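Asks: Here is my input; please provide its structure:
(2 chains)
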2 protein chains.
Amino acid sequence: MITIHHLGVSQSDRIVWLMEELGLPYKLTWYDRDPKTGGAPKEYLALHPTATAPVITDGDLVLTDSNAIVEYICQRYAQGKLCIAPDSALYPDYLYWMQYHNHLLSVFFGKSGLGEAGAESGFAKILQRREDSYYQHLNNHLAASDFLVGNELTCADILIMFDLTTFPLFGGKTLEGLDHVQAYVERVSARPAYQKAMALAGPSAKNPNA
Amino acid sequence: MITIHHLGVSQSDRIVWLMEELGLPYKLTWYDRDPKTGGAPKEYLALHPTATAPVITDGDLVLTDSNAIVEYICQRYAQGKLCIAPDSALYPDYLYWMQYHNHLLSVFFGKSGLGEAGAESGFAKILQRREDSYYQHLNNHLAASDFLVGNELTCADILIMFDLTTFPLFGGKTLEGLDHVQAYVERVSARPAYQKAMALAGPSAKNPNA
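Replies: Residues are numbered from 1 along each chain as shown, chains lettered A, B, ... in the order given. Model prediction:
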């Protein structure tokens, strides 16, 4: 059985949600952040050399990276459910939207680094153009579509929700003025599997063993 | 035929390299950056709403994002060559290393934003730990393997070379002290397809029509 090693308030909540959507069994192991530094505890850092969330174990396999984990689980345990196959007309869209959360993350990281001091630099202007265009493109896309790819939930949706709901809690871009993105977040948030996953492992969930 | 819209000094050199490795025909359309701002010209910005490199067109399809483009081309035009299929023992490794270049990019963006002013912040320490662990893990991995996944070139190699060779030109991490990464870069750089692609579209290539 797959074990999700969940660092509190981290991208690993995606994997809990995925397992609930697929109806697959899993073990959820919680790790609390250091209350002083906000960093991961030693036991978590020991799981993988790069020590970034999420991390799963599956027998001898230790796998990290959100994209890798969601594709691995869907292909190996769910016959490709929530993925789009290469022969589908939606395949280019799927490939594209699967990566979108990483673009939002890069901008979030860049702006987090900038702080207020560098807000007028040339780099800040590039970042701002990127952030504006990424969120506006997403908003325009969701004006005409209930999900990121086609008319059903895919792994691309599983990946992007964290960015849209959790970056704003840490100084990242809010969804103000992005009406179609807001409606999408509300629509997806109403899914029973999402609600169960967030209750277990979302940003406001608590370690049940603490 | 696929057209690669190549913005000078950008991640689109990956796609030229991919086409040369696969021996596929393509059209290369150059766009020079604005000599003052370093930004993309209007014609390039008009190609796609997010206007980030690389961009390809294939008939009516306009596709951006490196991961999306390399998988699309290999699956649709090369019977999955340079990809690893879900039923292969190497599949989890492939999924993992396909995303690695994005992690290096996130750290590069974060550090570019920081500049010297924020180098002592808590965020700077998190970024530094991430950068150190990502590059060290890569170095350790390449001590035992000629390529990122298994014993042959895959799309994961196509994606990461830009980060390793071009970030240092813009203040990013150099490969000093990372002997196995250096040896990997030299080994891959010796490939005829890579050399041809860099001559056509690498960081020091010039627009043939300028």
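Asks: contacts, neighbours, all on C-alpha from now
Replies: Fine.
Asks: looking at it, A:Ile15 is touching A:Tyr72, isn't it?
Replies: No: with contact defined as C-alpha atoms under 8 Å, A:Ile15 does not reach A:Tyr72; the gap is 11.1 Å.
Asks: Neighbour count for the two, which is higher?
Replies: Taking other C-alpha atoms under 10 Å in any protein chain shown, A:Ile15 and A:Tyr72 do not tie; A:Ile15 has more neighbours (26 against 20).
Asks: Okay, strands next: where are they in chain A?
Replies: A:2-7, A:26-31, A:55-58, A:61-64 (DSSP state E).
Asks: Out of the ones you listed, which one sits most buried?
Replies: With neighbours taken as mean count of other C-alpha atoms under 10 Å in any protein chain shown, these reach their highest mean count in strand A:2-7, at a mean of 21.
Asks: for the strands of chain A, which one sits closest to A:Asn151?
Replies: strand A:26-31 (27.6 Å; C-alpha to C-alpha).
Asks: Walk me through which strands that closest one pairs with, and which way each runs.
Replies: If you go by DSSP bridges, strand A:26-31 pairs up with strand A:2-7 (parallel).
Asks: Now do the lowest-mean-pLDDT helix or strand in chain A and helix B:100-114, the angle between them.
Replies: Least confident element among the helices and strands of chain A, by mean pLDDT, DSSP states H and E: helix A:100-114 (a mean of 89). Interaxial angle of helix A:100-114 relative to helix B:100-114 (axes from the mean of the first three to the mean of the last three C-alpha atoms, to 10 degrees): 30 degrees.
Asks: And chain B, is helix A:100-114 touching that?
Replies: Yes: contact of helix A:100-114 with chain B (C-alpha under 8 Å from any C-alpha of the partner chain) involves A:Asn102, A:Leu105, A:Ser106, A:Val107, A:Phe109, A:Gly110, A:Lys111, A:Ser112, A:Gly113, A:Leu114.
Asks: Could you double-check that the first one sits in contact with B:His101?
Replies: No: contact criterion C-alpha under 8 Å: A:Asn102 and B:His101 do not qualify, at 10.9 Å.
Asks: just to revisit the earlier point, give me the contacts around the least confident helix or strand of chain A.
Replies: With contact meaning C-alpha atoms under 8 Å, 6 or more residues apart in numbering or on different chains, helix A:100-114 is reached by A:124, A:127, A:130-131, A:134, A:159-160, A:163, A:167, A:171-173, B:102, B:105-107, B:109-115, B:118, B:123-124.
Asks: May I see the PyMOL selection of the buried members of the residues you listed?
Replies: Applying 16 or more other C-alpha atoms under 10 Å in any protein chain shown to the contacts of helix A:100-114 leaves a buried subset, and the PyMOL line that selects it is:
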select buried, (chain A and resi 124+127+130+131+134+159+160+163+167+172+173) or (chain B and resi 102+105+106+107+109+110+111+112+113+114+115+118+123+124)
